[in-house]
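J.: Got a predicted structure plus its sequence, pasted below:
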Amino acid sequence: MTRNEELFARAQRTIPAGVNSPVRAFRSVGGTPRFLVRGQGPFVWDADGTRYVDYVGSWGPAIVGHAHPASVEAVRARALDGLSFGAPTELEIEMAETLVRRLPSLELVRLVSSGTEATMSALRLARGYTGRPKILKFEGCYHGHGDSLLVKAGSGALTFGQPSSAGVPPSIAGDTVVVPYNDLPAVEAAFREAPDAIACVIVEPVAGNMNLVRPAPGFLEGLRALCDRHGAVLIFDEVMTGFRVHARGVQGMTGITPDLTTLGKVIGGGMPVGAFGGRRAIMEKIAPLGPVYQAGTLSGNPVAVAAGLATLAATEAPGFYEALAARTKALTDGLAGAAKRQGVAFCADAVGGMFGLYFAARVPGDFAAIMACDKERFNRWFHLMLEEGFLFAPSAYEAGFVSAAHGDAEIAATIAAAERAFADVR
Ligand code: HOZ
């Protein structure tokens with residue numbers, strides 16, 4: 001038995017499926033999850049001492065690579081002065097000022113501890129602000145595991161074929177309207193059907209939880225116009241895309257301004273930090289300024305915020321996002337070329353430091369096209385790559401992530417290994 005197998009057996013005795021977040025269990029791809037013991041730059045090591053080039057990157061936060069010296073030092077220094085106070089600190093102001101500077105759509109921002117908390121809070125705020133009950137989301141988009149949002153959701157919910165969760169009462173699910181991603185006429189029809197009842201439209205402006213799906217030209221602009229016309233709040237869930245695809249998120253990349261934005265992942269640099277923010281008139285409804293309640297003992301935790309600030313500072317190096325995008329594109333172009341040479345129906349797409357891999361002839365534009373990809377072939381390819389020391393997300397329905405620490409050598413080695421794996425799954 002390997003050490004990974006031993007740990008997996010032991011974990012399952014006290015933790016459901018041996019994991020604390022479903023996709024990690026490898027159930028979709030089969031086999032034994034790797035128990036990680038160390039990360040450095042683009043690499044992680046498992047409990048058996050095997051090194052992998054890591055394209056999961058903690059599901060997005062590790063944008064400057066693992067154990068980046070500035071982040072580690074910021075955490076160490078901050079921890080020496082106390083781990084948590086449940087009181088205001090100057091670091092929180094620095095984080096808020098950084099976020100407001102980088103995302104001009106934020107006039108006020110509040111820190112929380114995860115992306116899930118950020119989206120749950122943003123929904124309550126949108127409902128409190130508009131006085132309306134319903135929310136509109138898109139099929140295959142995942143916004144954390146809040147009740148209203150686990151309806152036709154992506155990520156683990158999709159990976160395990162349960163896009164709508166048990167335990168969400170029909171009275172709550174009934175207030176969630178779901179329409180296909182990139183389908184503006186469906187959004188228009190939903191507004192026609194429930195005029196004055198839809199509080200908000202929440203969208204991953206580049207979807208990353210059903211694999212990567214880009215917004216079609218005009219889609220985000222159309223959402224902005226429809227929300228304006230119907231008095232609904234437009235929420236960009238930039239938990240994954242925020243500071244991952246562009247220095248100013250998808251909103252900076254596209255010039256489309258949401259009313260509220262949710263953030264997580266990169267802003268914590270590997271520590272638990274989330275945030276939601278937006279227009280002052282909406283944010284002033286939050287307690288204690290207004291009647292919408294939201295709170296958290298660990299919100300704005302100083303050690304976590306220190307890690308996030310150090311990571312965000314590193315992303316402000318000149319040319320950071322251009323280099324990250326170029327490296328990610330080199331990877332996806334290389335993989336697509338290798339598959340073509342081996343005659344495998346495969347394509348790939350990249351937006352900034354985020355990428356999608358599809359065992360399909362064309363890049364999918366919606367949930368239905370994602371579902372038509374060859375999942376079995378992905379699973380075989382995933383395991384071949386794992387054997388060669390390359391760690392991709394253990395699901396055909398997750399985006400991948402490149403960090404600034406991935407160098408030309410890692411990208412070239414990945415493409416060479418992938419070509420061998422494509423030959424084997426042909
Ligand atoms: N839902 C996360 C990816 N979209 C996975 C989180 C995790 O397992 O850590």
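T.: Thanks, I have the structure now.
J.: C-alpha only now, for contacts and for neighbours.
T.: Noted.
J.: which of the residues in stretch 286-303 are buried?
T.: Neighbour-count burial for stretch 286-303, counted by 16 or more other C-alpha atoms under 10 Å, picks out Ile286, Val292, Gln294, Leu298, Ser299, Gly300, Asn301, Pro302, Val303.
J.: ok now it, how far from the chain's centre?
T.: Per C-alpha atoms, centre = their mean, to the nearest Å, the displacement of stretch 286-303 from the mean C-alpha position of its chain is 23 Å.
J.: so what's the residue in the stretch 51-200 of the chain that the ligand sits nearest to up against?
T.: With distances taken as C-alpha to the nearest ligand atom, the stretch 51-200 of the chain approaches the ligand most closely at Ser155, which sits 4.9 Å away. When the contact criterion is C-alpha atoms under 8 Å, 6 or more residues apart in numbering, the partners of Ser155 are Val23, Gly140, Cys141, Tyr142, Asn209, Met210, Tyr397, Glu398.
J.: still on that earlier bit, ok, which pair from the buried residues of stretch 286-303 is furthest apart?
T.: Comparing every pair within the buried residues of stretch 286-303 by C-alpha to C-alpha identifies Val292 and Val303 as the most remote, at 27.4 Å.
J.: Do you know the pLDDT at the most centrally placed residue in the chain?
T.: Taking C-alpha atoms, centre = their mean as the criterion, Met240 is the residue nearest the geometric centre of the chain, at 2.9 Å. Model confidence at Met240, given as pLDDT, is 98.
J.: So it is in contact with Ile267, correct?
T.: No. Using C-alpha atoms under 8 Å, Met240 is not in contact with Ile267, being 10.0 Å away.
J.: Taking the stretch 301-426 of the chain, what residue is nearest to the ligand?
T.: The minimum distance from the stretch 301-426 of the chain to the ligand, using C-alpha to the nearest ligand atom, falls at Glu398 (6.1 Å).
J.: Look at the nearest residue to that residue once chain neighbours are set aside and tell me its secondary structure.
T.: Across the structure, with C-alpha to C-alpha, 6 or more residues apart in numbering as the measure, the residue nearest Glu398 apart from its sequence neighbours is Asn211 (4.1 Å). At Asn211 the chain is in coil, as set by DSSP: H, G, I helix; E, B strand; the rest coil.
J.: Can you give me the distance of Asn211 to Gly154?
T.: With distances defined as C-alpha to C-alpha, to the nearest Å, the gap from Asn211 to Gly154 amounts to 9 Å.
J.: ditto for Leu335
T.: From Leu335 across to Gly154, the span is 25 Å (C-alpha to C-alpha).
J.: So which of the two has more stuff around it?
T.: Gly154 (30 against 25; other C-alpha atoms under 10 Å).
J.: Is it correct that that one is in contact with Met210?
T.: Yes. Distance between Gly154 and Met210: 5.2 Å, which falls inside the contact criterion (C-alpha under 8 Å).
J.: list residues touching both of those two?
T.: In terms of C-alpha under 8 Å, 6+ apart, Gly154 and Met210 are both contacted by the residues Gly140, Cys141, Tyr142, Tyr397.
J.: Now do the SS call for Arg229.
T.: Using three-state DSSP, the three-state assignment for Arg229 comes out as helix.
J.: what's near enough to touch it?
T.: When contacts are taken as C-alpha under 8 Å, 6+ apart, Arg229 is in contact with no other residue.
J.: Give me the distance between the residue of the chain found nearest the ligand and His145.
T.: Sorted by distance to the ligand under C-alpha to the nearest ligand atom, the residues of the chain start with Ser21, at 4.4 Å. Shown here: Ser21 relative to His145, a distance of 11 Å by C-alpha to C-alpha.
J.: who's more crowded, those two?
T.: The neighbour comparison of Ser21 against His145 (other C-alpha under 10 Å) goes to His145, with 18 against 10.
J.: Now do the contacts for the more buried one.
T.: With contacts taken as C-alpha under 8 Å, 6+ apart, His145 has the following neighbours: Thr116.
J.: Show the pLDDT at it.
T.: Each residue has a pLDDT score; the one for His145 is 94.
J.: Next: Arg377.
T.: The score at Arg377 is 97. That number is its pLDDT.
J.: returning to that earlier point: among the shared contacts of Gly154 and Met210, name the ones in strands.
T.: With strands defined by DSSP state E, no entry of these lies inside them.
J.: What count of nearby residues applies to Asn379?
T.: Asn379 sits with 18 neighbouring residues when counted by other C-alpha under 10 Å.
J.: Now name the helix or strand holding it.
T.: For Asn379, the host element (DSSP states H and E) is helix 375-388.
J.: got the buried residues for the helix of greatest length in the chain?
T.: When every helix of the chain is counted residue by residue (DSSP state H), the longest turns out to be helix 320-341. Neighbour-count burial for helix 320-341 flags 321, 324-325, 327-339 (criterion: 16+ other C-alpha under 10 Å).
J.: now do stretch 63-80
T.: Counting neighbours by 16+ other C-alpha under 10 Å, one finds that the buried residues in stretch 63-80 are Ile63, Val64, Gly65, His66, Ala67, His68, Ala70, Ser71, Val72, Ala74, Val75, Arg78.
J.: Make TSV out of the residues you listed and add pLDDT and distance to Ile415.
T.: Rendered in TSV, the data for those read as follows (pLDDT from 0 to 100; distance: C-alpha to C-alpha, whole Å):
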residue	pLDDT	distance to Ile415
Ile63	98	20
Val64	98	21
Gly65	98	19
His66	98	21
Ala67	98	25
His68	98	25
Ala70	97	30
Ser71	97	30
Val72	98	31
Ala74	98	35
Val75	98	35
Arg78	98	40
